[in-house]
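Engineer: Turn this into a model:
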Amino acid sequence: MNRHRYGPYRTPTEIYDHFRCLMEMSPGSREFVTGHSVRGRPVRSWRFGADDGAPAVLFAAGCHAIEFIGVEQCAAVAGRLVKERARLLEETAVWFMPVINPDGHYSVRDRLRRHRVPLVKTNANRVDLNRNFPVGFYEPHRGIMAGSHRKTINYHGPAPLSEPESKAFVELVDMSNPALAMQLHSFGGSFIFPPCHHRGETPDHETFMRLGEQMAALQKQDRYSVASVAQGMYSTYGDIDDWLYYERGVLAYTLEIGRFGLKSAPPWSWWNIFMWTNPRDVAAALDNNTDACLRLVEAAAGGVAAKSRSGG
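Structural biologist: Okay, the predicted model is just below:
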């Protein structure tokens with residue numbers, strides 16, 4: 001990675017240090033460990049902003065191991081919020097889980113260091129954490145991306161919430177009780193939302209579309225599409241966003257950062273799978289998306305919530 005001047009992409013330890021530096025600028029902020037990975041690494045999260053009772057927003061990243069850009073985006077949102085938009089923290093509580101899957105992240109780094117193919121999405125049990133949640137888990141699956149095929153990188157695991165990292169995320173949701181949430185992934189160039197495991201629309205489809213289009217309008221260089229997961233991509237079963245929406249009443253988005261990274265130049269990108277999923281220019285990608293992400297915090301401050309939460 002470094003020999004191509006790629007990135008730079010920080011380690012989880014460096015990302016955690018970034019959040020701890022932000023804590024020094026933000027009175028009342030707190031760090032939490034809500035669980036541990038398969039290999040015993042802590043799954044860490046941070047809260048900034050108002051006391052209990054304020055509307056909450058949750059940003060999470062690092063679910064799919066190879067998607068390093070999401071981790072950097074999570075850190076960038078926190079940095080912009082604390083340093084430049086701190087007034088929003090007077091009205092909201094904003095939570096961050098920057099590396100849901102630390103074992104997978106370090107596995108990718110190890111493969112890159114040894115010049116091995118770094119195509120790792122899963123945790124150490126070879127389970128895709130974004131297929132390991134209850135909603136739609138047992139429904140008939142269609143396609144290799146759905147999660148039921150044990151030998152693929154999208155395997156959903158032996159049972160819902162079988163993985164310690166999934167349980168750590170649930171614990172964070174229990175603590176934070178968010179009204180809105182965003183997962184940070186790559187590389188679909190889109191804002192996507194439920195339903196994930198079936199076609200059709202949720203009762204909040206118009207709200208999802210309107211807020212998604214507002215976020216896309218704030219992108220600086222590359223404006224992304226806005227659609228439900230099942231309409232904009234392919235059906236996923238056991239998806240975190242479906243669980244957040246259908247079981248917890250959270251308006252849940254996924255931001256798919258960047259475009260397919262295979263370029264005609266430089267030639268080494270043709271076989272660098274890491275480059276397929278992570279932009280070479282990290283700063284440009286973050287600049288494109290950070291204000292859009294902060295629109296989610298503004299929406300929470302303005303009282304936007306799912307109908308299932310508000311009773312509408």
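Engineer: quick one, what contacts residue 116?
Structural biologist: Listed by Cβ atoms under 8 Å, 6 or more residues apart in numbering, the contact set of residue 116 is empty. No exception for glycine: its C-beta is placed from N, CA and C like everyone else's.
Engineer: now do 10 Å
Structural biologist: Contact analysis of residue 116 by Cβ atoms under 10 Å, 6 or more residues apart in numbering lists 108, 110.
Engineer: Quick one: classify it as helix, strand or coil.
Structural biologist: coil (DSSP: H, G, I helix; E, B strand; the rest coil).
Engineer: ranges for the strands of the stretch 51-200 of the chain?
Structural biologist: Ranges of strands in the stretch 51-200 of the chain, per DSSP state E, counting those that start in this stretch, are 56-61, 93-97, 180-186, 190-193.
Engineer: and of the ones you listed, who's closest to residue 216?
Structural biologist: Set against residue 216 and scored by Cβ to Cβ, the strands of the stretch 51-200 of the chain come closest in strand 190-193, at 6.1 Å.
Engineer: Who are the packing partners of the closest one?
Structural biologist: Judged by 3 or more Cβ pairs under 10 Å, 6 or more residues apart in numbering; DSSP states H and E, strand 190-193 is in contact with strand 180-186, helix 205-217, strand 225-228, helix 229-232, helix 240-248, strand 251-257, helix 282-301.
Engineer: got those as CSV, with mean pLDDT, mean neighbour count and distance to residue 78 columns?
Structural biologist: Below are those laid out as CSV (pLDDT from 0 to 100; neighbours: other Cβ atoms under 10 Å; distance: least, Cβ to Cβ, whole Å):
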stretch, mean pLDDT, mean neighbour count, distance to residue 78
strand 180-186, 97, 26, 12
helix 205-217, 96, 17, 17
strand 225-228, 92, 18, 24
helix 229-232, 73, 18, 25
helix 240-248, 97, 23, 20
strand 251-257, 96, 27, 15
helix 282-301, 95, 20, 10
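Engineer: Cheers, nothing more for now.
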